[in-house]
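1. Coordinates only, no sequence provided:
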Ligand SMILES: [Fe+2]
């Protein structure tokens, strides 16, 4: 029975978040934790809450093996060709088929085939196809083509994230939530053997509000006129979860929240 450890990191916010992982820090952390693969949610890693070719390249350079996304991934047209040409950078799979890029990928982890699926929640978010049905269809289409599967559900509602995890329990190795930027204290292995955490948290500055300068958010709540979200600076940290997966069953034996 071979076990692999996969580290998943929550939404990287702005240059602060990217820089925090760069310069060998993520690679050192990966070694310290014994992780053989790293999945990073990168949808906020570029200026203006988006993914850009530069921010994606910087995350791969820092040590990410797969970059997942969310509601901001397709915000900037500059990233469309990049997504079409880099299959380890994915966007939510429940976008219409004509959208650029792909919603899942199969990464190599020491010879094991790791299917990573990215989904967007539909509660309080864009009205896309059901993440539940899209997950079913991807799993069915790729049956026999992977050893382990992890799902990034980028969603607002905690209920939708937990419900998807219970829906997929026993069928995938792990389901982790992203988007709300605050790490939740519920990392666990569900009854059927699927590792789970409602939200990984974020990677970036903790000095503001969810990675954005406090003044911008105070303006938004008090004046209610549009405001440019300037990224917060300083006091950076990375939050995520480490999943230990049994390659013979594809299921999870341990799920722990990590921060560094
Ligand atoms: Fe998001």
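-> Yes, it's here. Not measured: the values here are computed from a predicted model.

2. Quick check: which element contains the nearest residue to residue 220 once chain neighbours are set aside?
-> Distances taken as Cβ to Cβ, 6 or more residues apart in numbering put residue 227 closest to residue 220, at 5.3 Å, once the chain neighbours are dropped. C-betas here are computed from N, CA, C, even on glycine. Counting by DSSP states H and E, no helix or strand carries residue 227.

3. gap between residue 227 and residue 219?
-> When Cβ to Cβ, to the nearest Å is applied, the distance between residue 227 and residue 219 equals 5 Å.

4. tally of neighbours for the residue nearest to residue 220?
-> Applying other Cβ atoms under 10 Å, we find 15 other residues in the vicinity of residue 227.

5. And residue 10, what's its pLDDT?
-> At residue 10, the predicted lDDT confidence score is 98.

6. What's the separation between it and residue 40?
-> When Cβ to Cβ is the yardstick, residue 10 and residue 40 sit 9 Å from each other.

7. So for residue 139, what's the nearest residue that isn't a sequence neighbour?
-> residue 171 (6.4 Å).

8. Could you do residue 245 as well?
-> Of all residues beyond its chain neighbours, the one nearest residue 245 is residue 173 (4.5 Å), with distances taken as Cβ to Cβ, 6+ apart.

9. thought the one you found was touching residue 253?
-> No: with contact defined as Cβ atoms under 8 Å, residue 173 does not reach residue 253; the gap is 9.7 Å.

10. okay, these two: which has more neighbours?
-> When neighbours are counted by other Cβ under 10 Å, residue 173 and residue 253 differ, and residue 173 comes out ahead with 29 against 15.

11. Angles on the backbone of the more buried one, please.
-> With angles defined as degrees, to the nearest 10, residue 173 shows backbone torsions of phi -70, psi -40.
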